[in-house]
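Asker: my questions concern the predicted model and sequence given below.
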Amino acid sequence: MEGDIIEIGAFKGGGTVKLAKFAKKYGKKVYVIDIFEPSLDQTISKSGVTAFEVYQAYLGGRSMLEVYQEATRAFDNIITIKEDSMNVRFGQQTRFIFGFIDGCHQQAYIENDFNIIWPNLVSGGVLGCHDYQFDDWPEVTPAVDRLIDEHKSEIAEAHQIVGSYGISSILLIKK
């Protein structure tokens, strides 16, 4: 299939590395959009903890960007866009075969990130949204459900995948 891969929200780069390894086999690039400033994500979980606090706990005082760069340094097929996703757009010539959204967990960002990827996703391409039906981030599921409803005529299939700790992703295959 024609197109590359895009990930919005890279955190420490673990998922990026997996995507880059896969993409390299097929001569594809991985575009990564992340501002790498955890303090800017003040999304409040259902339990009252902010995303920033969660990120800080996992980073253990290290810089998110430095951890990401260390994880991804061996790959020359990653294009990192250090930017707030609200400020990123791609031209019509850019095509994606796979996109993954796991950035800011606020409704406005989820909708924005979907709209960065979906118009450029090729027919048969897949868009994944992380933290779907995960109670800790209460804005994710309603935002994704609204987007699915708005674009249902363009969606061939939807598959929910339950991962570790009951955290789900939903995969949407474009017609």
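Answerer: Thanks, I have it.
Asker: per-residue pLDDT, the most centrally placed residue in the chain?
Answerer: The centroid of the chain falls nearest to I101 when counting by Cα atoms, centre = their mean (2.1 Å). In this model, I101 is scored at 98, pLDDT.
Asker: can you start the count at 26 instead of 1 from here on
Answerer: Noted, 26 is the first residue going forward, which turns the last one into I126.
Asker: pretty sure it contacts I135?
Answerer: Yes - if you go by Cβ atoms under 8 Å, I126 and I135 touch, sitting 6.7 Å apart. In this view, the C-beta of every residue, glycine as well, is placed from N, C-alpha and C.
Asker: so what's in contact with these two at the same time?
Answerer: Residues touching both I126 and I135 (Cβ atoms under 8 Å, 6 or more residues apart in numbering) are C154.
Asker: so where do the helices sit in this structure?
Answerer: Using DSSP state H, the helices found in the chain span residues 39-50, 76-84, 89-97, 132-142, 165-175.
Asker: tell me which of those sits nearest to S64.
Answerer: helix 76-84 (5.3 Å; Cβ to Cβ).
Asker: next, the angle helix 89-97 makes with the closest one.
Answerer: Here helix 76-84 runs at an angle of 50 degrees relative to helix 89-97 (axes from the mean of the first three to the mean of the last three Cα atoms, to 10 degrees).
Asker: and helix 76-84, how far from the chain's centre?
Answerer: Distance of helix 76-84 from the chain centroid (Cα atoms, centre = their mean, to the nearest Å) equals 17 Å.
Asker: same check, this time on stretch 46-64
Answerer: 10 Å.
Asker: show me which positions of it end up buried.
Answerer: Applying a neighbour-count criterion of 16 or more other Cβ atoms under 10 Å, one finds A48, K53, K54, V55, Y56, V57, I58, D59, I60, F61, P63 buried in stretch 46-64.
Asker: max-length strand in this structure?
Answerer: For the chain, the longest strand by residue count, based on DSSP state E, is strand 146-157.
Asker: distance to N102 and pLDDT for the buried residues of stretch 46-64 - can I get that in CSV?
Answerer: Below are the buried residues of stretch 46-64 laid out as CSV (distance: Cβ to Cβ, whole Å; pLDDT from 0 to 100):
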residue, distance to N102, pLDDT
A48, 6, 98
K53, 7, 98
K54, 5, 98
V55, 6, 98
Y56, 10, 98
V57, 11, 98
I58, 16, 98
D59, 17, 98
I60, 22, 98
F61, 19, 98
P63, 26, 95
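Asker: in strands only, show me those.
Answerer: Counted as lying in strands by DSSP E, out of the buried residues of stretch 46-64, are V55, Y56, V57, I58, D59.
Asker: which residues does the second one contact?
Answerer: The reference is to Y56. D29, I30, I31, E32, I104, I106, F121.
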